[in-house]
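>>> Here is a sequence with its predicted model. Questions after.
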Amino acid sequence: MIYLGRRITISMAHRLNNPQLSEAQNRALYGKCNNPNGHGHEYVVEATCGGEIDPVTGFSVDLGAIDAALRREIFERFDHRDFDADFPELAHVISSGENLAKVFWDLLAPHVPEGATLA
Amino acid sequence: MSVILTRKVHFCASHREYSAALSEEENRRVFGKYANWHGHNYLCEVSVCGEVDASTGMVIDLKVLSEILDDVIMRRYDHKNLNLDVPAFADAVPTTEIIVMDIWRQIVPRLPQGMGLHRVRLYEDPTLFAEYYGP
């Protein structure tokens, strides 16, 4: 198995806040990351897929398909947006890096080209 | 206590994605503009693993590691044409995937006893890399 990774950057606003906790608890737990008006990052997203090398092309995965999936599912959806304010369907997700990785994985996984595995 | 140590190596090389098994038209269709001669500033991350020596605090003598990487990477690839100047790629398309596997295969027999190779990651550009954890 050999792995090919693509890196993209998205500019996104967010705020770490658990609505089931009080204001004081959120402030104590998240510190400045709980800023009431939010803050933002240039997130770097790396998507890595594994596959076997095609003996004719030397490629392990269809990079065009991965690029298209990253652009459509991640970049066009989240770039220059506010994760917590703009996506009611994701309101239950606390926008930590860990949870964002899982959200992005779930969006990309159905679009991984045949023969490749999201790693 | 086992620790992974990573060294980064930069090299500049030209190549093209072009397969002798395909016609000119098929190469153009499969590889597009990458079938033209072009170049990259490659970045290779080589991660070795081993026990930390109690007296030196090191996993590996860095001079030994540098010599290995000079032999395997710099002398063979740097400022070369990968398709034409590297015998290992005479019958292969030197994609990032193919190159990273070649680096792995060349490094393993050169490592000191007791040392393992954990991962080789090769960036063709800052947004694209291939990585290999061995067979």
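Arrived safely, thanks for sending.

>>> Please make it C-alpha for all contacts and neighbour counts, starting now.
Fine.

>>> for the residue of chain A most remote from its centre, helix, strand, or coil?
Ranking residues of chain A by C-alpha distance from their mean position (CA atoms, centre = their mean) puts A:V56 at the top, at 32.6 Å. Under the three-state scheme (DSSP: H, G, I helix; E, B strand; the rest coil), A:V56 adopts coil.

>>> Hmm, B:Y18 and it touching each other?
No: if you go by CA atoms under 8 Å, A:V56 and B:Y18 don't touch, sitting 9.5 Å apart.

>>> Touching both of the two, which residues are there?
Common contacts of A:V56 and B:Y18 (CA atoms under 8 Å, 6 or more residues apart in numbering or on different chains): B:V93.

>>> what sits against the residue farthest from the centre of chain A?
For A:V56, the contact set (CA under 8 Å, 6+ apart) comprises B:19, B:21, B:93.

>>> And it, its phi and psi?
phi -90, psi -50 (degrees, to the nearest 10).

>>> tell me the SS of the residue located most distally from the centre of chain B?
Among the C-alpha atoms of chain B, the one most distant from their mean position (CA atoms, centre = their mean) is that of B:S55, at 31.4 Å. Put simply, B:S55 is coil when judged by three-state DSSP.

>>> For it, what are phi and psi?
Torsion angles at B:S55 (phi, psi; degrees, to the nearest 10) stand at phi -90, psi -30.

>>> now B:N27
phi -60, psi -40.

>>> pretty sure it contacts B:A35?
Yes: in this structure, B:N27 is within contact of B:A35 by CA under 8 Å, at 6.6 Å.

>>> okay, and the common contacts of those two?
The contact sets of B:N27 and B:A35 overlap at B:Y18 (CA under 8 Å, 6+ apart).

>>> out of these two, which sits in the busier spot?
B:N27 (20 against 17; other CA atoms under 10 Å in any protein chain shown).

>>> Now do the more buried one, the pLDDT please.
B:N27 is assigned 95 on the pLDDT scale.

>>> all strands for the chain, in order.
I'll assume chain A. Remark: strands assigned in chain A by DSSP state E are A:2-14, A:39-51, A:81-82, A:117-118.

>>> meant chain B, my bad for not saying
Under DSSP E, chain B gives strands at B:2-15, B:38-51, B:80-81, B:116-125, B:128-132.
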